[in-house]
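Colleague: Just need the structure, nothing else, for what follows:
(chains A and B)
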Amino acid sequence: MTNQELADTFERIANLLDIKGEIVYKTLAYRRVAENLRVFPEDINTVFKENRLAEVPGVGKAISEKITELLETGQLGFLERLKEEVPLSLIDLLQVPDVGPRKAALFWKQAGVTNLAELDTAARAGKLRALPGMGEKSEARILSGLEALGRRSKRMLLGTAWPIARRWLDWLRQQPGVQRAEAAGSLRRWRSTIGDLDLVAASDHPAEVMDAFIHHPEVMRVLGQGENKSSIELSSGLKLQLWVQPPQRFGTLWVYATGSKDHNVRIRELAQKKGLSLSEQALVDGQGEETLYDSEEKVYAALGFPWIPPELREDRGEVQAAKAGQLPELLELSDIRAELHAHSTWSDGVETIEGMAQAARGRGYKVLAITDHSGGLGIANGLSVERLCQQKDAIQLAQEKMGDSIRLLNGTEVDIMADGSIYYPDEVLAELDIVIASLHASLRQPRQVITARLLKAIHNPHVDIIGHPSGRLLPDREGADLDWEAVLAGAKESGVALEINADPVRLDLDEVYARRAAEMGIVMSIATDAHSIESLEHMEYGVAVARRAWCGPGSVLNAWPAEKLVGWLKKRGYSGEDIRNLTTKDTKNTKIS
DNA sequence: GCCGTTTTCGGCCCGACTGTTTTCAGTCG
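Modeller: Reported below is the predicted structural model:
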């Protein structure tokens, strides 16, 4: 069983116990352990064998025994008995908006509903309105919730969400009385995928802002409306939530709405230990006296520690680190000086080499690697050895036109074949400045096979970077079933860099493994895999993954000064000339016009 | 069910909003 499967099992147990009516703190314990398992960077089977289960946060005696039973037998008697008590299909009801464990239990016990279809039938037949605590409005809400479930899109990509959010924020900032409007929630924490869009605003006239919000022309349905909080649904099925407070309360509001929920719980616990109570409105002392904060910095300072960057607010140790004065120095977008993975019209890109070079220079980069696809499976107009040789001349020509303003690296994104061999022969790879090796096909090989395949590439001395290591596609296609412990250990041993692919559909290496890699001292390359000028802009999403992985600029190859980057490449077989003049001119954040 | 420089037992974040209710339960973030 994998960490994810184990987490799913405990999540299921938590839901069933909730419906059964178990005390919430017990179900909370199962939920917490599920979440912790999802982000635990080591294979739980290894942890189990080494008798270290207690190292997983939230694992105590009872859950430790359940993990043991699950890993040894693949089954769990406790869950089997639970399933006999509470139908498993009841869990589906919890997806319906406004249906939680108590309503699910009510519909089941008093209306005989055990699944979504039966809930729909019962609601249409008007059988729900008669139940205790229900009425016509509640029944109607269930029905529209069921409809919404049908058109609800999956979690949205971060790269899709941000442009929409920016448009709404621009609109909000133009509304009368709005002094400030910002993104919050998982969007502001830059999670890879986003559920609803959360926005916050500061205004002395919240009611007017709310009124404008729910009457925005794109609103299809108003899900809730109040003085401080409203939520709407667009015709696309996307939900937006807006919180509004007066400016002097904006700090506590923004902390609250940014979350994560677990982070909020953690800092509120700390407030409690100081005899204080923290909410989105204010910090309240024992006498009920409010203190208001207009900035997040002041809220955190009042709790006794420095401001925590939103990307870290996941209750993964950031509060403890902040208290100890040990928050990491995080990578910034402005630290990025090179693009090490880009395509051109030579393979499946839509821009010429020169066009990409000019765009990269325009972003202030000192180095651009042209890494078109290799041949192999006939994908993406991949380059034969012959065309690869011709491309070298074309890159040289573009370099001459660009002068010393940016260094072009003659590279490749070469295919790792199904047997782990590299598409180009060693003598061809040796001629290149930079070699990215990527998995593109046969991603469904069994774990042992695909891990060995990737390790073979990792240990090829000509390979500098492993591109999008897992091959996952968000939000649905899982990556390869890799033995990450072995992959990371192999990368550490060989000195190869792992890519954090910044394409919003990839964001691969995942933040969990990126954090582990950084801890192990493995170097990473954040790269957009750009196929056009526009996609060079995706760099910010890759940087966000690194930040969520607690990475500083030291771990990131393309945040290094050009001299250091070239030094690293040279050790790995860089065949190009030195980067003349660039190193002396290379100052951080300098844009070349 | 977990957890502990205020606890090995008694806690476990906090408030907005909705609908069904005459004071509250449920859901949500």
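Colleague: low pLDDT regions in chain A?
Modeller: Applying pLDDT under 70 to chain A picks out residues A:152-153, A:377-379, A:575-593.
Colleague: From the centroid of it, which residue is nearest?
Modeller: With distances taken as CA atoms, centre = their mean, residue A:192 lies nearest the centre of chain A, 2.5 Å away.
Colleague: who are the neighbours in contact with it?
Modeller: By CB atoms under 8 Å, 6 or more residues apart in numbering, residue A:192 lies in contact with A:157-158, A:474, A:507, A:510-511, A:545. Placement of C-beta: from N, CA and C, glycine included.
Colleague: If we use 10 Å, what do you get?
Modeller: Residue A:192 makes contact with A:155, A:157-159, A:186, A:472, A:474-475, A:504-508, A:510-511, A:541, A:544-545, A:548, according to CB atoms under 10 Å, 6 or more residues apart in numbering.
Colleague: any idea how far it lies from DNA strand B?
Modeller: 18 Å (CB to the nearest atom of the strand, to the nearest Å).
Colleague: What backbone torsions are found at that residue?
Modeller: When read as degrees, to the nearest 10, the backbone of residue A:192 gives phi -60, psi -30.
Colleague: same deal with residue A:312?
Modeller: Phi and psi for residue A:312, reported as degrees, to the nearest 10, are phi -90, psi -10.
Colleague: Let's verify the residue sitting furthest away from the middle of chain A: helix, strand, or coil?
Modeller: Distance from the C-alpha centroid of chain A, by CA atoms, centre = their mean, peaks at residue A:130 (43.4 Å). Here residue A:130 is recorded as coil under DSSP: H, G, I helix; E, B strand; the rest coil.
Colleague: now do the one 3 residues further on
Modeller: Three states are possible here, and by three-state DSSP the one that applies to residue A:133 is coil.
Colleague: How many residues are close by the closest residue to residue A:151 other than its chain neighbours?
Modeller: In this structure, residue A:151 finds its nearest non-sequential neighbour in residue A:237, 4.7 Å apart by CB to CB, 6 or more residues apart in numbering. Using other CB atoms under 10 Å, residue A:237 has 16 other residues around it.
Colleague: I'd assumed residue A:256 was in contact with residue A:313.
Modeller: No - using CB atoms under 10 Å as the test, residue A:313 is too far from residue A:256 to be in contact (11.2 Å).
Colleague: Just want the residue of the stretch 151-300 of chain A that's nearest DNA strand B.
Modeller: Scanning the stretch 151-300 of chain A for the residue nearest DNA strand B gives residue A:226, at 2.1 Å (criterion: CB to the nearest atom of the strand).
Colleague: I'd like to know how many residues surround that residue.
Modeller: Considering only other CB under 10 Å, residue A:226 is surrounded by 12 other residues.
Colleague: distance of it from residue A:394?
Modeller: Relative to residue A:394, residue A:226 is positioned 61 Å away (CB to CB, to the nearest Å).
Colleague: With residue A:528 instead?
Modeller: 21 Å.
Colleague: out of those two, which sits in the more crowded spot?
Modeller: residue A:528 (25 against 18).
Colleague: what about that one, distance to residue A:540?
Modeller: When distance is defined by CB to CB, residue A:528 is 10 Å away from residue A:540.
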